[in-house]
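Visitor: everything below, folded, please.
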Amino acid sequence: MLLKKYIREPRFRAALLLPIIIFGGLALKFYRGPGDEWVNHWGPASVAYVWAFMLMGFMLFPDSRAIIAIALVVLIGTCCVEWSQQFEVSFLKTARQTWFGRMLFGTTYSAWDFPAYFVGSLTGIGLLHWCVASQRPIDSTSKKD
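Guide: The predicted model follows:
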């Protein structure tokens with residue numbers, strides 16, 4: 001079956017995980033219940049934000065050698081976005097007027113987001129290694145013409 005062939009491909013696994021992480025992260029962002037402020041702002045929702053960007057980066061560079069670089073770029077990028085929330089930059093202010101802009105760029109600076117981004121990057125490395133782990137080894141007996 002064709003699906004069996006592709007399910008072992010790292011890029012395919014990342015593509016399957018991406019909507020799960022995005023919708024799960026959005027659900028956590030709007031969770032109401034015990035500990036909702038932590039869940040919404042500094043905990044699992046922020047980790048899912050980092051994972052989503054790491055999966056997108058991995059889909060562009062689906063190589064195990066790129067995993068650490070992807071984690072570092074996403075960590076630096078998310079920290080820069082968080083830091084930018086302290087400033088009134090016109091294009092960010094305009095972007096944050098839309099729902100998508102608020103979800104992507106955030107609206108309120110909090111230093112508590114930085115540990116969540118760090119945890120997301122570290123655990124995201126494991127997530128990307130999982131995507132690579134089931135990749136079929138190259139059969140050295142077959143030859144390509």
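Visitor: helix, strand or coil: sort out Thr78 for me.
Guide: Of the three states, Thr78 takes helix under DSSP: H, G, I helix; E, B strand; the rest coil.
Visitor: wait, it touches Val119, no?
Guide: No: using C-beta atoms under 8 Å, Thr78 is not in contact with Val119; the gap is 11.5 Å. (Glycine included, C-beta is placed from N, CA and C.)
Visitor: of those two, which one has the most company?
Guide: Thr78 (23 against 15; other C-beta atoms under 10 Å).
Visitor: how much space is there between that one and Arg11?
Guide: Per C-beta to C-beta, to the nearest Å, Thr78 is found 22 Å from Arg11.
Visitor: can you give me the helices in the protein?
Guide: With DSSP state H as the criterion, the chain has helices at 2-6, 10-29, 36-41, 44-60, 67-84, 90-95, 99-105, 113-133.
Visitor: which strands and helices sit next to the last one?
Guide: In terms of contacts (3 or more C-beta pairs under 8 Å, 6 or more residues apart in numbering; DSSP states H and E), helix 113-133 is packed against helix 10-29, helix 44-60, helix 67-84.
Visitor: quick one, that helix and helix 44-60 angle?
Guide: Interaxial angle of helix 113-133 relative to helix 44-60 (axes from the mean of the first three to the mean of the last three C-alpha atoms, to 10 degrees): 40 degrees.
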